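1. sequence and computational prediction follow.
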Amino acid sequence: MSSALDALTADGTMSVDVAQIERQLRALWQRGGETISRACLFNFVVWCGSETDAERATAVISELTGRHPCRAIVLVAEPERADSRLTASLKAHCRLADGGRKQVCCEQITLGAAAAAVSQLAPTVLSLLEGDLPTVLWWRGNFLEQLSAFERMRAVADRVLFDTSAWPQAHRQLQRLHQTIREPPPPLYADLSWTRLALWRKLIADCFDEPPFRAMLAQVERVVVRHGGGPGARVRALLYAGWLAARLGWTADGARDRVRVEPCEGDDVAAIGIESVELRAGDASALVRKDLGESVAQAVVSMPQMCSLPRRQAFAPMTETALLSQQLDQVAPHTAYERALQLAVALEQTA
């Protein structure tokens, strides 16, 4: 961190008074003088379950604000703690601009709440939002386990970001998730598990660029998705299988009959996500497989009397910051995800 950023960080915590917070923020920017420019395009509310989680979120926010300037409001909700105080602290995230002559900064307000004070977070956040800007809620954790708090928070959000890959046994909660995100009035939802599948979706789509191979799609009779034992591996495999079934025009019953989502065996797959996907159509097949020894995936289509060269694609995992940045660049509803989730529910029920 630069010395200018350190100088712009408010000291300690304070009892929450919205007017006091706004005064502190004005003082924060005034101390920077003409060398500081404040930037804000949206409100970014982050729900955390512990101080450690909030520290990780703050590190991500510091990286994000260079591309996505915002007013970040980090909430540390610890309902099991004995004291019921609601506290706040302030800091700024800065980047050099104008050839290094000026710093562009974004503010972060961190609210800590314990016991009964957790219920005060939603109204306090509402008072701190930049009212003419959209609000994005990033829920770190499983909001299905905290539905009452989640419902209060999503009421102020235009978009909700979450990550089912970080949920224990997420594949067993897909039906509840599907029901929850369809409740009116819905904000726009984005699952980072779905974002992680972008390259897998592209790889299988690229297999059918050429018309002779594209004709195979109408004859696909079996889809097999194999996954490892890494965090969120099964839920991503189910979402991917659901997406494939939707793209092939299959109903839930058709997906149950023709799609298999299978775990891999062996010690070398304990940390991986999706291992392979295969589409079969009679004597023809399309296979995408991750190379466990290298950060690449290979895709090949096999058809009688046709020659197809394997395609190789680099396959590096995306950081949490990169996943969030990709989602913040998108504003359209995730209709493909919702359809994939609906079919993933049907597939998990047959497992």
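-> Great, that's in hand.
2. if I look at the residue of the chain most remote from its centre, how far off is residue 275?
-> Going by C-alpha atoms, centre = their mean, the residue of the chain most distant from its centre is residue 305, 42.9 Å out. Distance of residue 305 to residue 275, given as C-beta to C-beta, to the nearest Å: 29 Å. Bear in mind the C-beta positions are built from the backbone N, C-alpha and C, glycine included.
3. for residue 189, see how far away residue 331 is.
-> Relative to residue 189, residue 331 is positioned 13 Å away (C-beta to C-beta).
4. these two: who's more crowded?
-> Between residue 331 and residue 189, counted using other C-beta atoms under 10 Å, residue 189 has the larger neighbour count: 22 against 10.
5. spit out the contact partners of the more buried one.
-> Shown in contact with residue 189 (C-beta atoms under 8 Å, 6 or more residues apart in numbering): 159-162, 181, 334, 337.
6. could you dump those into JSON lines with secondary structure, pLDDT and distance to residue 318 added?
-> Formatted as JSON lines, those follow (DSSP: H, G, I helix; E, B strand; the rest coil; pLDDT from 0 to 100; distance: C-beta to C-beta, whole Å):
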{"residue": "159", "secondary structure": "strand", "pLDDT": "96", "distance to residue 318": "19"}
{"residue": "160", "secondary structure": "strand", "pLDDT": "97", "distance to residue 318": "20"}
{"residue": "161", "secondary structure": "strand", "pLDDT": "98", "distance to residue 318": "14"}
{"residue": "162", "secondary structure": "strand", "pLDDT": "98", "distance to residue 318": "16"}
{"residue": "181", "secondary structure": "helix", "pLDDT": "93", "distance to residue 318": "22"}
{"residue": "334", "secondary structure": "coil", "pLDDT": "85", "distance to residue 318": "17"}
{"residue": "337", "secondary structure": "helix", "pLDDT": "96", "distance to residue 318": "17"}
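7. with distance to residue 53 and neighbour count added, can I get those residues in a markdown table?
-> Formatted as a markdown table, these follow (distance: C-beta to C-beta, whole Å; neighbours: other C-beta atoms under 10 Å):
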| residue | distance to residue 53 | neighbour count |
| --- | --- | --- |
| 159 | 20 | 20 |
| 160 | 17 | 23 |
| 161 | 15 | 22 |
| 162 | 14 | 24 |
| 181 | 22 | 20 |
| 334 | 25 | 18 |
| 337 | 25 | 22 |
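8. want to throw those residues into TSV with distance to residue 110?
-> Below are the contacts of residue 189 laid out as TSV (distance: C-beta to C-beta, whole Å):
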residue	distance to residue 110
159	21
160	20
161	18
162	20
181	27
334	29
337	31
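9. quick one: which of those is nearest residue 315?
-> Each of the contacts of residue 189 was scored against residue 315 by C-beta to C-beta, and residue 337 proved nearest at 21.0 Å.
10. return the distance of the closest one relative to residue 185.
-> Applying C-beta to C-beta, the value for residue 337 to residue 185 is 18 Å.
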